[in-house]
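**Q** would you be able to build a 3D model of this:
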Amino acid sequence: MRRTPASASTATLNVRFATAAARAGKHLLIEKPLAPTVADCRRIADEVERAGVIAMVGHTLRFSGVVAALRAFDKKERLAASNLPSTDSN
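**A** Below you'll find the predicted structure:
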């Protein structure tokens, strides 16, 4: 079964989607950046407060080059450790 998010957008569209979702009573998880301007961020925050819903800004590091390098290093180190001789006395 293919799952799709309720809404995926760029920061420039977040204002429109987030305010509409808040008015519909939906809680929000919005990927960083929240919006392109402080005024747009304020519009989202004001609508969330008016609607009484919860909003959270997320920051995904999954595609970060630094995180990818750390994962590759960790994988390499685990592989190297798995090839070490056993320390069991049996």
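
**Q** list the buried residues for the helix or strand bottoming out on mean pLDDT in the chain?
**A** Sorting the helices and strands of the chain by mean pLDDT, DSSP states H and E puts helix 65-82 at the bottom, at a mean of 78. Buried residues in helix 65-82, defined by neighbour count with 16 or more other C-beta atoms under 10 Å: none. Just so you know, the C-beta spots here come from the backbone N, C-alpha and C atoms, and that holds for glycine as well.

**Q** what's it in contact with?
**A** Leu61 (C-beta atoms under 8 Å, 6 or more residues apart in numbering).

**Q** chain center to it, what's the gap?
**A** The chain centroid and the centroid of helix 65-82 are separated by 22 Å, computed with C-alpha atoms, centre = their mean, to the nearest Å.

**Q** and what of stretch 14-25?
**A** The answer for stretch 14-25 is 18 Å, by C-alpha atoms, centre = their mean.

**Q** now that stretch - C-alpha only, PDB.
**A** The C-alpha trace of stretch 14-25 is given here as PDB (Å, rounded to 0.1, in the frame of the first residue of the first chain):
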ATOM      1  CA  ASN A  14       3.400  26.600   3.700                       C
ATOM      2  CA  VAL A  15       1.400  29.700   4.600                       C
ATOM      3  CA  ARG A  16      -1.500  28.800   2.400                       C
ATOM      4  CA  PHE A  17      -1.600  25.100   3.400                       C
ATOM      5  CA  ALA A  18      -0.800  25.600   7.000                       C
ATOM      6  CA  THR A  19      -3.400  28.300   7.600                       C
ATOM      7  CA  ALA A  20      -6.100  26.300   5.700                       C
ATOM      8  CA  ALA A  21      -5.300  23.200   7.700                       C
ATOM      9  CA  ALA A  22      -5.300  25.000  11.000                       C
ATOM     10  CA  ARG A  23      -8.700  26.500  10.100                       C
ATOM     11  CA  ALA A  24      -9.900  23.000   9.400                       C
ATOM     12  CA  GLY A  25      -8.800  21.900  12.900                       C
END
